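S.K.: Using only what follows, build the 3D model:
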Amino acid sequence: MADTVVMVGTRKGLWVGRSDERRTDWSWGGPHFDMTEVYSCMIDTRGDRPRLFAGASSPWTGPQIQVSDDLGETWRPTSGAHFPEDLDASVERVWQLAPAGERTVYAGTEPGAVFRSDDGGETFELVRGLWDHPHRAEWGAGYGGQAFHTILPHPDDPNSVTVAISTGGCYQTSDGGATWQPRNQGVRADFLPEDQRYPEFGQCVHKVTRHPARPDRLFMQNHGGVYRSDDHAGSWTSIAEGLPSDFGFPVVAHPRRPGAAYYFPLVADSERLPPDGKARVYRTVDEGATWEALTEGLPQQDFYGAVLRDAMCADDSDTTGVYVGTRTGSVFASHDEGDSWAALARDLPDVLCVRAATVG
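M.R.: Presented below is the predicted three-dimensional model:
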């Protein structure tokens with residue numbers, strides 16, 4: 001029988017939840033890495049047994065990439081992501097961990113860099129082609145810092161990877177990381193003057209997700225703007241009409257339905273709270289043509305918990321589960337694709353990331 005595993009990274013440690021395939025009763029372990037910021041986590045199901053990854057940043061020991069081969073019972077550090085000695089830079093946080101192929105693991109960091117491991121996450125090397133990109137000197141830092149928070153390897157082409165950074169925009173390689181091109185056509189940068197709002201690069205992208213069932217389809221939450229691309233980020237089309245706001249952080253693609261995706265909007269840049277004080281996940285099933293507010297079981301009064309870019313995810317069960325972690329320390333889950341919700345955890349520290357997968 002398969003189990004479902006959920007990892008919840010917070011500002012003060014990591015919690016790991018386990019349930020059976022029904023996903024109704026959960027057992028929890030944690031906190032792991034107590035009083036440590038866990039900005040990224042990953043459930044790697046490619047091997048004979050699942051491996052959990054956590055990007056933990058301690059003010060005393062610095063950033064580490066920790067792994068567990070027993071579903072969180074014990075942990076050990078890998079060699080981590082480090083800049084070469086010829087560069088005057090040091091990793092502050094690991095914002096993203098992503099699998100690719102049979103053994104590759106990517107790590108996105110602050111300052112804005114991507115590292116690659118080809119030995120299952122034991123050792124990492126800087127993707128020098130991206131670090132040496134001529135645009136890098138002009139990349140700014142978003143409110144949360146300058147970091148590659150999105151890494152999307154193409155499942156059918158090992159040489160193709162799409163990444164996103166705040167503030168720099170979306171970039172893509174087709175030659176295994178040697179060269180990178182900006183992929184921001186059609187994406188606004190509202191903080192720029194009116195005649196410069198569609199630049200080649202410099203957008204503050206909050207999150208991009210790839211659709212597993214149709215890999216060339218991508219969904220984006222920008223700093224003001226919700227978009228879809230059907231040509232592998234060659235161009236972007238706004239799909240924000242019908243949402244209460246086009247500002248937010250996370251976006252999640254349904255694992256099997258190519259037209260389905262989930263968003264959690266906030267009022268605006270200047271008011272980073274849920275509209276009307278209600279927790280509402282919005283779902284589209286028709287590529288963004290229409291949106292439905294999903295509210296059953298979610299707080300609908302005096303709710304002010306924002307959801308960060310990696311604090312919403314979907315699992316790969318036959319009936320998709322959707323998970324949402326809030327800055328007020330709650331984790332909500334739906335095991336029926338968003339139709340109804342229940343609280344998995346409350347009163348945790350500020351939730352930074354949530355990941356879920358079926359294992360076993």
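
S.K.: Could I get the full set of helices for the stretch 1-150 of the chain?
M.R.: In the stretch 1-150 of the chain, the segments counted as helices under DSSP state H, counting those that start in this stretch are 128-131.

S.K.: List the buried residues in stretch 335-345.
M.R.: 335, 337-338, 341, 344-345 (16 or more other C-beta atoms under 10 Å). For glycine as for every other residue, the C-beta is placed from the backbone atoms N, C-alpha and C.

S.K.: can you tell me which of the residues you listed are in strands?
M.R.: Those of these mapping onto strands are 344-345, per DSSP state E.

S.K.: quick check, nearest of the buried residues of stretch 335-345 to residue 94?
M.R.: Distance to residue 94, by C-beta to C-beta, is smallest for residue 345 among those, at 23.0 Å.

S.K.: Okay, and the beta partners of the nearest residue to that closest one once chain neighbours are set aside?
M.R.: Take residue 345 and drop its neighbours on the chain: the residue closest to it by C-beta to C-beta, 6 or more residues apart in numbering is residue 331, 4.4 Å away. Beta-bridge partners recorded for residue 331 (DSSP bridges): residue 325, residue 345.

S.K.: so what's residue 331 up against?
M.R.: Residues in contact with residue 331 (C-beta atoms under 8 Å, 6 or more residues apart in numbering) are 6, 8, 323-325, 343-346, 348, 351, 354.

S.K.: So, low pLDDT: which residues of this structure?
M.R.: 1 (pLDDT under 70).

S.K.: for it, which residue is closest to the average position?
M.R.: Computing the C-alpha centroid of the chain and ranking residues by C-alpha atoms, centre = their mean puts residue 310 first, at 3.6 Å.

S.K.: what sits against the nearest residue to that residue once chain neighbours are set aside?
M.R.: The spatially closest residue to residue 310, leaving aside those adjacent along the chain, is residue 353, at 3.9 Å (C-beta to C-beta, 6+ apart). Listed by C-beta under 8 Å, 6+ apart, the contact set of residue 353 reads 7-9, 38-41, 308, 310-311, 325.

S.K.: so where do the strands sit in the stretch 251-360 of the chain?
M.R.: Using DSSP state E, counting those that start in this stretch, the strands of the stretch 251-360 of the chain run over 261-266, 281-284, 292-294, 312-314, 322-325, 331-334, 342-345, 351-359.

S.K.: Confirm for me that residue 83 is in contact with residue 109.
M.R.: No. The criterion here is C-beta atoms under 8 Å, and residue 83 misses it with residue 109 at 9.0 Å.
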